[in-house]
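S.K.: take a look and give me a structure for this.
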Amino acid sequence: MCVKENSSTDIVFPQSAVIPFKIENNRLKILLITSINKQQWIFPKGIIEENLSPQQSALQEAKEEAGAEGEVLSITLGEYSYPKWGGICEVVVFPMYVTRLLDDWPEANIRKRKWVSIEEAFTYLSKEDLRKLLELFELNLENIKSLVKDL
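M.R.: A predicted model of the protein is given here:
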């Protein structure tokens, strides 16, 4: 686990996340998962492992938490932070084009997942930071689509 300190001597936990999406019948779908404790709808995220890039780490988290495989794009949608573990988690967020959804995955027994339209996703997300990132995703959608090899 990568840990660092910021100028205010808080312990910082660098994390990465993805907004998983697919395009089906010309319609954009967003994959949401539930958090473990509060069962709130969120995006897959986790600590950036020391031997992985932020994108590689986010791809690994998407597979573990959502059973989603695909392509994490090089564009950064934004960042947010929140307090946890006696420090601050700083999260960088990427779009992820989902090419495969596994029937069984490591956290299948503790999380739900759901494909929703982008409009529905705004109603499911209770955290303002996540809704703002989804807005950035929507604003950058044409650029995001242009980066996907299989579209």
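S.K.: look up the closest residue to the residue minimising distance to the centre of the chain, ignoring the ones flanking it.
M.R.: Among the residues of the chain, the one closest to the centroid is Val18, at 2.4 Å (Cα atoms, centre = their mean). Closest residue to Val18 apart from its sequence neighbours, by Cβ to Cβ, 6 or more residues apart in numbering: Met96 at 3.8 Å. Placement of C-beta: from N, CA and C, glycine included.
S.K.: helix or strand: which one has Pro83?
M.R.: Per DSSP states H and E: Pro83 is located in strand 78-84.
S.K.: buried stuff in that strand?
M.R.: Going by neighbour count (16 or more other Cβ atoms under 10 Å), the buried part of strand 78-84 is Tyr80.
S.K.: per-residue confidence averaged over that strand?
M.R.: Averaged over strand 78-84, pLDDT sits at 91.
S.K.: ok, then the element right after it?
M.R.: Counting by DSSP H and E, the next helix or strand C-terminal to strand 78-84 is strand 87-101.
S.K.: just checking, what packs against whichever helix or strand comes after that following strand?
M.R.: The C-terminal neighbour of strand 87-101 among helices and strands, as given by DSSP H and E, is strand 113-116. Contacts defined by 3 or more Cβ pairs under 8 Å, 6 or more residues apart in numbering; DSSP states H and E place strand 113-116 against strand 27-34.
S.K.: give me the phi and psi for the closest residue to Ser126 other than its chain neighbours.
M.R.: Excluding its sequence neighbours, the residue lying closest to Ser126 (Cβ to Cβ, 6+ apart) is Gln40, at 5.3 Å. Dihedral pair for Gln40: phi -90, psi 150, per degrees, to the nearest 10.
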